[in-house]
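Q: Here is my input; please provide its structure:
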Amino acid sequence: MVWLRSIFSPFLLPFRAVRLPFLSFSRRTLGKSIPQSLSPLLVKRFEEETRDTVIKGTRALAVIGCILIPLFGLLDIVTAPRFFTLFMAFRLVTVSLLVIIVAATFYLKRFSAFLGMAMVFSIALMIAAMIRFLGYETSYYAGLSLVILGMGLMIGWEPRYSIICGTIIHFLYLIPILIFDDIGNWPAFVNNNLFLGSTAFVAVVATFLAYQSRWREFLAKANLEDSNRKLQELDQLKNQFFANISHELRTPLTLILAPAESVIKKGEAWGVKREAQKNVEVIRNNALRLLKLVNQLLDLSKIDAGKMELHLSSVQVAPFLKEIQDSVQPLADERGLKLEFNASEDLEAEFDRDQMEKVILNLVYNAVKFTPRGGEIAVEARVE
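A: Next up is the predicted model:
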């Protein structure tokens with residue numbers, strides 16, 4: 001909006017050349033805490049959040065102003081009854097301006113700082129006009145202090161805007177006195193200006209501390225998001241590594257199992273001794289166990305990546321458990337354990353065959369591992 005810039009440019013011009021290092025951010029400052037490539041993006045995000053904060057503060061302060069400005073009309077009845085009508089007109093006009101400014105905050109968020117300044121100056125000009133009618137000794141200067149204090153505590157903009165507004169508001173009180181008034185009561189003049197200047201200083205300090213606190217909180221949140229992003233990337237790399245190594249291990253295991261199965265099935269025809277066949281069976285069984293572990297590792301990487309899918313099918317439970325028993329029976333025999341699998345012949349259930357097999361195998365392998373020699377392991381499937 002060109003007209004907004006034209007209105008405020010004369011006030012902002014003296015401050016554009018003054019860029020105090022503690023009132024602004026730069027890539028050099030940001031680079032100490034975050035990667036250089038992210039600094040512009042973070043600054044932009046912080047500026048957007050600051051605009052939202054300024055908009056909310058402006059609205060809140062405007063609402064408070066719309067309530068208190070008419071209420072302070074009661075003070076006019078006591079301290080300036082002859083100006084009550086005129087001052088009430090000033091108050092109503094100011095409230096109308098505040099309503100317009102609040103409405104503008106919904107459409108001109110880009111100019112949040114200018115809208116905040118417009119609101120502050122609207123109230124300050126009203127009070128300064130009243131002071132001109134009552135004289136510089138009036139206690140109405142305290143209204144300017146309230147405006148400055150509310151600006152510093154509620155709006156949440158950059159500290160330089162508090163410096164600008166605090167200075168201009170003080171000048172609205174001081175300059176007309178120096179130009180038009182004959183200062184006869186120097187103690188009152190010094191007292192009022194000292195309190196106005198002190199209030200402006202407190203407002204600037206409060207704005208600076210709040211601004212720096214918001215920046216530190218924003219930077220901590222940004223660093224946390226960046227750390228989470230890096231952890232997710234590392235987790236994806238880990239899953240990809242597990243998937244790749246699982247595939248690489250499955251190939252040689254398959255090449256081991258194929259000839260082992262052939263020797264076991266056709267060993268006698270080939271003239272292989274029974275003792276040698278038993279050794280090959282041990283090789284096959286251990287290769288199968290290793291293959292199952294590799295498959296579990298691959299499934300784990302799929303679960304972490306959120307890509308694990310269940311394929312349900314109708315399964316005859318008794319033959320299914322018999323296959324598992326046959327694969328585990330050699331290990332149980334080696335440990336001197338009695339292994340029993342019991343299920344009704346007509347029992348049928350719907351589940352993912354591969355995943356259920358892995359679950360049962362894990363349970364049975366653990367039972368075989370921790371059951372003392374001569375013990376008994378029983379697996380039973382039934383409908384409850």
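Q: would F351 count as being in a strand?
A: Yes: assessed by DSSP: H, G, I helix; E, B strand; the rest coil, F351 belongs to a strand.
Q: neighbours around S122, how many?
A: 21 (other C-beta atoms under 10 Å). In short, each C-beta sits where N, CA and C put it, glycine included.
Q: Could you say which helix or strand holds it?
A: Counting by DSSP states H and E, the element that carries S122 is helix 112-134.
Q: Tell me how far that helix lies from the chain's centre.
A: Centroid separation for helix 112-134 versus its chain: 38 Å, with C-alpha atoms, centre = their mean, to the nearest Å.
Q: where does the stretch 1-150 of the chain dip in pLDDT?
A: 1-39 (pLDDT under 70).
Q: where along it do the helices fall?
A: Under the criterion DSSP state H, counting those that start in this stretch, the stretch 1-150 of the chain contains helices at 2-16, 27-30, 39-71, 73-79, 84-104, 112-134, 141-154.
Q: right, and those - which one's nearest F201?
A: Smallest distance to F201 across the helices of the stretch 1-150 of the chain (C-beta to C-beta): 9.5 Å, for helix 141-154.
Q: just the angle between that closest one and helix 39-71, please?
A: Relative orientation of helix 141-154 with respect to helix 39-71: 150 degrees, computed using axes from the mean of the first three to the mean of the last three C-alpha atoms, to 10 degrees.
Q: ok, back up a step: quick one: which of the helices of the stretch 1-150 of the chain is nearest I283?
A: That would be helix 39-71 among the helices of the stretch 1-150 of the chain, by C-beta to C-beta, at 57.7 Å.
Q: sorry, back to before: make a markdown table from the helices of the stretch 1-150 of the chain and add distance to A332 to it.
A: Putting the helices of the stretch 1-150 of the chain into a markdown table (distance: least, C-beta to C-beta, whole Å) gives the following:
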| stretch | distance to A332 |
| --- | --- |
| helix 2-16 | 85 |
| helix 27-30 | 64 |
| helix 39-71 | 61 |
| helix 73-79 | 95 |
| helix 84-104 | 80 |
| helix 112-134 | 75 |
| helix 141-154 | 76 |
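Q: for F87, what are its contacts?
A: Residues near F87 by C-beta atoms under 8 Å, 6 or more residues apart in numbering: G73, D76, A80, M130, F133.
Q: switch the cut-off to 7 Å
A: By C-beta atoms under 7 Å, 6 or more residues apart in numbering, the contact list for F87 reads G73, D76, A80, M130.
Q: Kindly report the same for Y211.
A: Per C-beta under 7 Å, 6+ apart, neighbours of Y211: E158, P159.
Q: Filter the contacts of F87 down to the buried ones.
A: D76, A80, M130 (16 or more other C-beta atoms under 10 Å).
Q: Could you check how far the last one is from K56?
A: Summarising the geometry, the distance separating M130 from K56, computed by C-beta to C-beta, to the nearest Å, is 29 Å.
Q: before we move on, what about the first one?
A: Separation of D76 from K56 (C-beta to C-beta): 31 Å.
Q: same check, this time on the second one
A: According to C-beta to C-beta, A80 and K56 sit 34 Å apart.
Q: in stretch 211-228, what's buried?
A: Buried, per 16+ other C-beta under 10 Å, within stretch 211-228: Y211, W215, L219, A222.
Q: wait, stretch 84-102
A: Quick answer for stretch 84-102 (16+ other C-beta under 10 Å): F84, F87, F90, R91, T94, V95, L97, L98, I101, V102.
Q: what separates that stretch from the chain centre, distance-wise?
A: Distance, centroid of stretch 84-102 to centroid of chain: 41 Å (C-alpha atoms, centre = their mean).
Q: if we can go back for a sec, which pair of the buried residues of stretch 211-228 spans the longest distance?
A: Within these, two members stand farthest from each other by C-beta to C-beta: Y211 and A222, at 16.2 Å.
Q: So for S227, what's the pLDDT?
A: The model reports S227 with a pLDDT of 85.
Q: An error on my part: the question was meant for A378.
A: pLDDT, A378: 88.
Q: Pull the contacting residues for it.
A: E340, N342.
Q: thinking again about what came up before, any idea which of the helices of the stretch 1-150 of the chain gets closest to F341?
A: Between these, helix 39-71 lies closest to F341; by C-beta to C-beta that is 60.5 Å.
Q: what's the angle from that closest one to helix 112-134?
A: Using the same axes, to 10 degrees: helix 39-71 against helix 112-134 is 30 degrees.
Q: Show me what helix 39-71 packs onto, helices and strands only.
A: Packed against helix 39-71 by the contact rule (3 or more C-beta pairs under 7 Å, 6 or more residues apart in numbering; DSSP states H and E) you find helix 27-30, helix 84-104, helix 112-134, helix 141-154, helix 186-270.
Q: can you give me the offset of that helix from its chain's centre?
A: Taking mean C-alpha positions (C-alpha atoms, centre = their mean), helix 39-71 and its chain are 21 Å apart.
Q: do the same with stretch 153-173
A: 31 Å.
Q: likewise stretch 340-348?
A: 53 Å.
Q: Which residues does that stretch contact?
A: By C-beta under 7 Å, 6+ apart, the list of residues contacting stretch 340-348 reads 314-318, 321-322, 325, 378-383.
Q: cool, and stretch 140-159?
A: 23, 50, 53-54, 57-58, 60-61, 113, 116, 120, 123-124, 127, 130-131, 134, 162, 165-166, 169, 173, 192, 195-196, 199-200, 202-204, 206-208, 210-211.
Q: repeat that for 6 Å
A: When contacts are defined by C-beta atoms under 6 Å, 6 or more residues apart in numbering, stretch 140-159 is touched by residues 23, 53-54, 57, 60-61, 113, 116, 120, 123-124, 127, 130-131, 134, 162, 165-166, 169, 173, 192, 199-200, 203-204, 206-208, 211.
Q: what's the helix or strand for S314?
A: In the assignment (DSSP H and E), S314 maps to strand 312-316.
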